[in-house]
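**Student:** make a model of this:
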Amino acid sequence: MEELKELVTKLERAFSGRLVSVVLYGSAASGSHHDKLADLNVLCVLKEIAPQELSDGEPVLRWWRGKGHPPPLLMSEEEVHNSADSFPIEFRDMKDHRKVLFGTDVIADVKVDAKYHRVQVEHELRAKLFRLRQQGAQSLSDPPALLKLCIDSVSTFCVLGRHALLAAGIEPKTERRALVRQMGAALQMDVAPFEMLLDIREDKSGPDAGDPGELFAQYLGCIRRLVEFVDRLEEKS
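**Tutor:** All right, here's what the predicted structure looks like:
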């Protein structure tokens with residue numbers, strides 16, 4: 001993608017000899033990037049990060065954000081090698097799907113502890129379930145807002161569902177609908193709420209969403225089952 005090439009060029013100019021690596025990670029680097037709405041997640045590694053580096057990088061990050069992409073994740077070499085226990089989900093994503101756009105492959109030797117990974121997956125699922133429930137309680141009398149809340153969150157819960165399968169030792173599918181069906185099989189649950197929200201999010205024709213309140217309730221039920229699934233994994237470890 002031309003925008004990624006331009007990003008690398010701008011980062012090289014901004015940081016000169018201080019730039020160690022630029023890595024694209026996540027679904028966009030998987031080799032089967034079917035979701036046109038997927039984010040371009042970029043890791044930018046510098047020799048060190050001080051206020052000067054933040055100042056030098058500000059115009060590039062502002063430009064990239066203006067293109068509609070999440071800002072690059074800035075890390076020093078030392079932080080890359082010592083942060084996997086704090087951010088196992090993010091580093092597992094980088095380990096599984098990455099493309100080095102510039103410099104060295106700083107992720108190759110990073111180790112992700114399965115115990116820390118499972119704990120973070122459960123934490124993120126519970127925190128985002130609580131947040132979804134909290135926001136939904138304020139929108140129950142506003143069906144369009146409630147539906148938008150569900151649509152905006154489904155991508156995040158698909159990512160966490162993928163990591164739930166990884167924590168269980170199941171190799172997840174790359175394509176989202178295949179992943180959702182895999183979740184349904186592993187948890188023995190109906191994943192129709194996920195499929196419907198993905199259809200709406202991607203503007204694909206399908207059955208009418210019906211009552212957003214009912215869809216929201218079913219969606220919450222699926223997420224609760226996902227939380228319970230990950231929680232039970234601790235007993236098996």
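
**Student:** the protein: helices as residue ranges?
**Tutor:** All helices of the chain, identified by DSSP state H, fall at 2-15, 51-66, 77-82, 88-96, 114-137, 143-167, 176-187, 192-201, 212-236.

**Student:** how about a markdown table for those, with mean pLDDT added?
**Tutor:** Shown next, in a markdown table, are the helices of the chain (pLDDT from 0 to 100):
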| stretch | mean pLDDT |
| --- | --- |
| helix 2-15 | 95 |
| helix 51-66 | 96 |
| helix 77-82 | 94 |
| helix 88-96 | 92 |
| helix 114-137 | 97 |
| helix 143-167 | 95 |
| helix 176-187 | 96 |
| helix 192-201 | 93 |
| helix 212-236 | 94 |
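
**Student:** out of those helices, flag the one nearest Val106.
**Tutor:** Closest approach to Val106 among the helices of the chain is made by helix 77-82 (5.0 Å; CB to CB). The way it works is simple: take the backbone N, C-alpha and C, and place the C-beta from them, glycine included.

**Student:** got the CA coordinates for that closest one in PDB?
**Tutor:** Presented in PDB, the C-alpha positions along helix 77-82 are these (Å, rounded to 0.1, in the frame of the first residue of the first chain):
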ATOM      1  CA  GLU A  77      14.200  -1.200  21.700                       C
ATOM      2  CA  GLU A  78      14.400  -1.800  25.500                       C
ATOM      3  CA  GLU A  79      10.600  -1.600  25.800                       C
ATOM      4  CA  VAL A  80      10.000  -4.100  23.000                       C
ATOM      5  CA  HIS A  81      12.100  -6.700  24.800                       C
ATOM      6  CA  ASN A  82      10.700  -6.100  28.300                       C
END
